[in-house]
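Trainee: Structure for this input, please:
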Amino acid sequence: MDEHENHFDVVIVGAGLSGIGAAYHLKDKCPGKSFAILEGREAIGGTWDLFRYPGIRSDSDMHTLGYNFKPWREAKAIADGSSIRKYIREAAAENGITEHIRFKHLVKAASWSSDDARWTLEVERLDEGDRIQLTCNFLSMCGGYYSYENGYTPDFEGIERFEGRIVHPQEWPEDLDYSNTRVVVIGSGATAMTLVPAMAENGAQVTLLQRSPTYVISRPDEDVIANTLRKFLPEKVAYAITRWKNVGLQGLFYRRTRVAPEMIKRKLLDMVRQHLGPDYDVETHFTPRYNPWDQRLCLVPNADLFKAIKSGGVSVVTDHIERFTETGLTLKSGKTLDADIIVTATGLNLVVLAGVEFSVDGQAVNFADTWTYKGMMYSDIPNLLQTFGYINASWTLRADLNAEYVCRLLNHMDDLGMRQCTPRLRERDQNMVPRPWIDGFSSGYMQRVMHLFPTQGDHDPWRNTQDYKLDKKMIRHAALEDGAMLFSNPKGTSASAASGADRHVVEAA
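Mentor: Here you go, the predicted structure:
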């Protein structure tokens with residue numbers, strides 16, 4: 001490859017939901033910018049291509065999980081994994097994005113040079129077995145938030161003794177025949193809630209084993225209002241109205257959980273009792289110790305989990321694992337569970353910025369020492385943005401906002417004649433009260449690694465609000481020149497040649 005083939009205005013890391021969306025917005029709003037998408041795997045789709053376990057589906061409606069530029073056309077709003085994968089691939093093909101993707105290109109390290117105003121990326125080509133360098137002026141990290149190498153499995157005592165098969169949902173084997181088998185699914189999150197009814201439907205006798213319950217809510221997998229609007233309105237108009245409706249309802253419900261948690265808790269548990277009947281022990285198996293949305297709620301479309309329990313194909317056990325045995329599990333209560341297959345739906349291993357090693361002007365970056373800027377950039381780290389969606393709403397709502405913001409930044413830098421944008425604490429930001437990057441969310445997969453993530457402050461633009469309504473104001477509508485985002489490094493000069501006075505004039509503008 002020559003220099004031209006190795007350098008881009010923008011490099012996007014990841015060809016999943018976020019990366020394809022970022023590329024669309026770049027082509028739409030910055031048509032003159034060259035870009036490439038680097039994808040470590042061999043396919044488009046990210047999460048929705050990696051996970052292939054039975055029943056894999058979204059737990060967000062596709063009118064908000066879908067892109068703002070591509071209406072969701074299918075009747076089911078709670079979609080299965082293959083439908084979402086098809087949707088993402090369609091978005092790439094329809095918008096001329098696929099040809100910009102370099103598959104099996106795994107980014108290992110990224111180093112920023114202020115003199116050159118560019119990132120140099122160390123990229124492992126998995127198909128060639130070598131490493132190459134690529135450069136870019138702006139780096140958009142869209143690789144998600146968890147390790148693709150393996151899922152999280154606790155250190156269970158005696159796990160090596162089990163004579164059956166142990167499977168983690170992230171590494172689901174294509175050849176696994178679980179019909180007419182006894183299956184124990186360990187976990188109480190969204191993956192477990194999806195797997196259990198799907199496996200039962202295909203002939204397994206399934207036990208859902210959880211240490212503690214999760215809030216579970218049922219809703220239809222089709223949005224009647226959305227499907228009706230499509231019959232009478234232009235597609236984009238119907239989609240926009242449905243998206244607005246669902247965003248509003250999600251936000252309203254979340255805010256109610258913050259101000260009236262006991263009332264929401266009572267209503268959620270009453271709905272479970274309506275599905276399972278008065279004799280079922282809802283208190284033990286479906287009543288968490290925490291308030292709604294202190295952890296994610298689990299959605300079960302069309303009450304499939306509750307129907308599987310009532311039919312006898314699924315049982316729920318709430319207990320702690322003492323040890324694995326040759327034939328199953330011994331629990332701390334003394335009870336034993338026999339199994340042919342044990343599925344460890346025990347979570348993900350989170351990583352910071354896809355596990356890439358970063359340095360700026362020769363200094364290694366520890367992101368735990370930085371402050372998050374609007375939940376997507378980092379103090380003193382130039383020309384870098386990460387997309388991390390919402391814990392309480394659809395991922396793509398945030399991804400679309402971030403992609404739009406990148407385009408605004410790039411165009412503004414061109415207008416100023418500058419090559420570098422760097423978030424930096426102002427004098428009035430120096431004594432901010434530090435808060436965790438994700439605050440008020442107790443899920444184990446977050447808590448295990450939160451110390452590795454940047455800190456958020458107590459005022460804008462140093463907050464990671466996890467609130468779409470607030471983020472629209474802070475990301476989409478707030479001025480780029482806020483005193484904290486510094487524009488520097490004029491075109492045609494090196495950073496060392498540009499005077500501090502020249503940069504100060506621009507930064508204070």
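
Trainee: domain ranges for the chain?
Mentor: Domain segmentation of the chain under automatic domain parsing yields 3-64+74-148+350-507, 159-344.

Trainee: which residues touch stretch 400-419?
Mentor: Stretch 400-419 is contacted by residues 9-10, 18, 21-22, 24-26, 28-30, 33, 67-68, 117, 137-138, 140, 374, 376, 385, 387, 420-421, 468, 471-472, 475-476, 480, 487-491, 506 when judged by Cβ atoms under 8 Å, 6 or more residues apart in numbering. C-beta: built from backbone N, CA, C; applies to glycine.

Trainee: Identify each buried residue in that stretch, please.
Mentor: Under the neighbour-count criterion of 16 or more other Cβ atoms under 10 Å, stretch 400-419 has 400-407, 409-410, 412-413, 416, 418-419 buried.

Trainee: and what of stretch 294-305?
Mentor: So, applying 16+ other Cβ under 10 Å, buried residues of stretch 294-305: 294-301, 303-305.

Trainee: And for stretch 446-465?
Mentor: 446, 449, 453-457, 461-465.

Trainee: May I have that stretch as PDB, with CA atoms only?
Mentor: In PDB, the C-alpha atoms belonging to stretch 446-465 read as follows (Å, rounded to 0.1, in the frame of the first residue of the first chain):
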ATOM      1  CA  MET A 446     -20.300  -2.600  35.200                       C
ATOM      2  CA  GLN A 447     -19.000  -2.500  38.800                       C
ATOM      3  CA  ARG A 448     -16.200  -5.000  38.100                       C
ATOM      4  CA  VAL A 449     -14.500  -2.500  35.800                       C
ATOM      5  CA  MET A 450     -15.800   0.900  36.500                       C
ATOM      6  CA  HIS A 451     -12.400   1.900  38.100                       C
ATOM      7  CA  LEU A 452     -10.900   1.600  34.600                       C
ATOM      8  CA  PHE A 453     -13.200   4.100  33.000                       C
ATOM      9  CA  PRO A 454     -12.900   7.900  33.100                       C
ATOM     10  CA  THR A 455     -14.500  10.100  35.700                       C
ATOM     11  CA  GLN A 456     -17.500  12.300  35.200                       C
ATOM     12  CA  GLY A 457     -17.900  15.700  36.800                       C
ATOM     13  CA  ASP A 458     -20.800  17.400  38.500                       C
ATOM     14  CA  HIS A 459     -21.600  19.900  35.700                       C
ATOM     15  CA  ASP A 460     -21.700  20.100  31.900                       C
ATOM     16  CA  PRO A 461     -19.900  19.400  29.700                       C
ATOM     17  CA  TRP A 462     -18.200  16.900  32.000                       C
ATOM     18  CA  ARG A 463     -21.200  14.700  32.600                       C
ATOM     19  CA  ASN A 464     -22.200  11.400  31.200                       C
ATOM     20  CA  THR A 465     -25.900  12.000  31.800                       C
END
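
Trainee: what mean pLDDT does it have?
Mentor: For stretch 446-465, the mean pLDDT works out to 88.

Trainee: Any idea which helix or strand in this structure has the lowest mean pLDDT?
Mentor: Lowest mean confidence among the helices and strands of the chain (mean pLDDT, DSSP states H and E): helix 500-507, at a mean of 39.

Trainee: List the buried residues for the strand or helix carrying residue 120?
Mentor: Under the criterion of DSSP states H and E, residue 120 resides in strand 118-125. Buried residues in strand 118-125, counted by 16+ other Cβ under 10 Å: 118-124.

Trainee: Also stretch 219-235?
Mentor: By 16+ other Cβ under 10 Å, the buried positions in stretch 219-235 come out as 221, 223, 226, 229-230.

Trainee: Provide the secondary structure category for residue 214.
Mentor: Using DSSP: H, G, I helix; E, B strand; the rest coil, the structure places residue 214 in coil.

Trainee: before we move on, what about residue 22?
Mentor: With three-state DSSP as the criterion, residue 22 reads helix.

Trainee: So what's the residue count around it?
Mentor: Per other Cβ atoms under 10 Å, the neighbour tally for residue 22 reads 30.

Trainee: While we're on it, how confident is the model there?
Mentor: Confidence score, pLDDT, at residue 22: 97.

Trainee: Not counting its neighbours along the chain, what's nearest it?
Mentor: Among residues not flanking residue 22 along the chain, residue 403 sits closest, at 4.4 Å (Cβ to Cβ, 6 or more residues apart in numbering).

Trainee: Check residue 423 too.
Mentor: Nearest one to residue 423, counting by Cβ to Cβ, 6+ apart, is residue 373 at 3.6 Å.

Trainee: which ones are touching that neighbour?
Mentor: By Cβ under 8 Å, 6+ apart, the contact set of residue 373 is 379, 423, 461-462, 484-485.

Trainee: ok but residue 209 is inside a strand, no?
Mentor: Yes: assessed with three-state DSSP, residue 209 lies in a strand.

Trainee: Please look at it and residue 319 and confirm they touch.
Mentor: Yes: using Cβ atoms under 8 Å, residue 209 is in contact with residue 319, at 6.9 Å.

Trainee: So between these two, which is more surrounded?
Mentor: A direct count of neighbours by other Cβ under 10 Å for residue 209 and residue 319 places residue 209 higher, at 25 against 17.

Trainee: The more buried one and residue 357: what is the separation?
Mentor: When distance is defined by Cβ to Cβ, to the nearest Å, residue 209 is 38 Å away from residue 357.

Trainee: Same question for residue 242.
Mentor: In terms of Cβ to Cβ, residue 242 sits 42 Å off from residue 357.

Trainee: Contact partners for the closest residue to residue 47 other than its chain neighbours?
Mentor: Excluding its sequence neighbours, the residue lying closest to residue 47 (Cβ to Cβ, 6+ apart) is residue 16, at 6.1 Å. By Cβ under 8 Å, 6+ apart, residue 16 lies in contact with 44-49, 88, 142-144.

Trainee: Repeat the analysis, applying 7 Å as the threshold.
Mentor: If you count contacts by Cβ atoms under 7 Å, 6 or more residues apart in numbering, residue 16 has them with 45-47, 142, 144.

Trainee: Now tabulate the residues you listed in CSV and tack on distance to residue 341 and neighbour count.
Mentor: Converted to CSV, the contacts of residue 16 look like this (distance: Cβ to Cβ, whole Å; neighbours: other Cβ atoms under 10 Å):
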residue, distance to residue 341, neighbour count
45, 26, 23
46, 27, 24
47, 23, 22
142, 34, 28
144, 28, 25
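
Trainee: buried sites along stretch 268-287?
Mentor: For stretch 268-287, the neighbour count (16+ other Cβ under 10 Å) marks 268-269, 271-272, 275-276, 280, 282, 285-287 as buried.

Trainee: low-scoring stretches of the stretch 351-500 of the chain, by residue?
Mentor: Applying pLDDT under 70 to the stretch 351-500 of the chain flags the ranges 442-445, 494-500.

Trainee: re earlier: comparing residue 242 and residue 357, which residue is more hemmed in?
Mentor: Under the criterion of other Cβ under 10 Å, the comparison of residue 242 against residue 357 puts residue 242 first, with 26 against 13.

Trainee: Perfect, I'm done here.
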